[in-house]
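Enquirer: For reference, the sequence and a predicted model appear below.
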Amino acid sequence: MIKRPIRFAALVLAISTATVSATAVFVMKKEAERDAFAIRELNRKIAAERQRISELRAEWGALDNPQRLQALVDRHAAVLRLQPIDGHQIATVRDVAAAIRQHRKEGEK
């Protein structure tokens, strides 16, 4: 007689364990699918950003073309009034820092 309740309890325990296990596997599967989708989305965004960077580098190369820049300088020479750099215009970082300090002292007076 006692064997029946023990068998029933064991059966209920086995079914409960199987149900909990199946639910856990289902939840893990859904999480894995969600993570896979997120990874695909991130990879798509990375590819789009790489494409945009490539396009911007190409655009920069075109904008930075010396012939184009020279044509702009020639076209706007009257406004820009650019002149070649003389050797006395080149300064060290220390010279620039000293000039800034001097400028600040003069501004305080």
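Expert: Looks like it came in fine.

Enquirer: Can you give me the separation between residue 26 and residue 19?
Expert: 10 Å (CB to CB, to the nearest Å). Backbone N, C-alpha and C define where each C-beta goes, glycine included.

Enquirer: Likewise for residue 96?
Expert: Distance of residue 96 to residue 19, given as CB to CB: 75 Å.

Enquirer: again with residue 90
Expert: The spacing between residue 90 and residue 19, counted by CB to CB, is 80 Å.

Enquirer: same thing with residue 55?
Expert: Distance of residue 55 to residue 19, given as CB to CB: 54 Å.

Enquirer: After the longest helix seen in the chain, which helix or strand is next?
Expert: Ranked by residue count, the top helix of the chain under DSSP state H comes out as helix 3-63. Heading C-terminal from helix 3-63, the first helix or strand you meet, by DSSP states H and E, is helix 66-75.

Enquirer: And that next one, how far out from the chain middle?
Expert: 34 Å (CA atoms, centre = their mean, to the nearest Å).

Enquirer: Can you name the element that comes right after it?
Expert: Using DSSP H and E, the helix or strand that follows helix 66-75 towards the C-terminus is helix 77-80.

Enquirer: Can you point out the buried residues in that following helix?
Expert: Within helix 77-80, not a single residue qualifies as buried, counting by 16 or more other CB atoms under 10 Å.

Enquirer: buried ones in stretch 7-24?
Expert: Buried residues in stretch 7-24 (16+ other CB under 10 Å): none.

Enquirer: quick one: average pLDDT of that stretch?
Expert: Averaging pLDDT along stretch 7-24 gives 94.

Enquirer: same deal with stretch 94-109?
Expert: Per-residue pLDDT over stretch 94-109 has a mean of 88.

Enquirer: what separates it from the chain centre, distance-wise?
Expert: 39 Å.

Enquirer: Also stretch 55-71?
Expert: With CA atoms, centre = their mean, you get 24 Å for stretch 55-71.

Enquirer: Render the CA-only coordinates of that stretch in PDB, please.
Expert: Extracted in PDB, the C-alpha atoms of stretch 55-71 (Å, rounded to 0.1, in the frame of the first residue of the first chain):
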ATOM      1  CA  GLU A  55      33.100  57.300 -47.600                       C
ATOM      2  CA  LEU A  56      34.400  60.100 -45.400                       C
ATOM      3  CA  ARG A  57      38.000  59.200 -46.000                       C
ATOM      4  CA  ALA A  58      37.300  59.300 -49.800                       C
ATOM      5  CA  GLU A  59      35.600  62.700 -49.400                       C
ATOM      6  CA  TRP A  60      38.500  64.000 -47.200                       C
ATOM      7  CA  GLY A  61      41.000  62.800 -49.900                       C
ATOM      8  CA  ALA A  62      39.100  64.800 -52.500                       C
ATOM      9  CA  LEU A  63      38.800  67.900 -50.300                       C
ATOM     10  CA  ASP A  64      42.400  67.700 -49.300                       C
ATOM     11  CA  ASN A  65      43.700  67.400 -52.900                       C
ATOM     12  CA  PRO A  66      46.500  70.000 -53.300                       C
ATOM     13  CA  GLN A  67      45.400  70.900 -56.800                       C
ATOM     14  CA  ARG A  68      41.900  71.700 -55.600                       C
ATOM     15  CA  LEU A  69      43.300  73.700 -52.600                       C
ATOM     16  CA  GLN A  70      45.600  75.700 -54.900                       C
ATOM     17  CA  ALA A  71      42.600  76.500 -57.200                       C
END
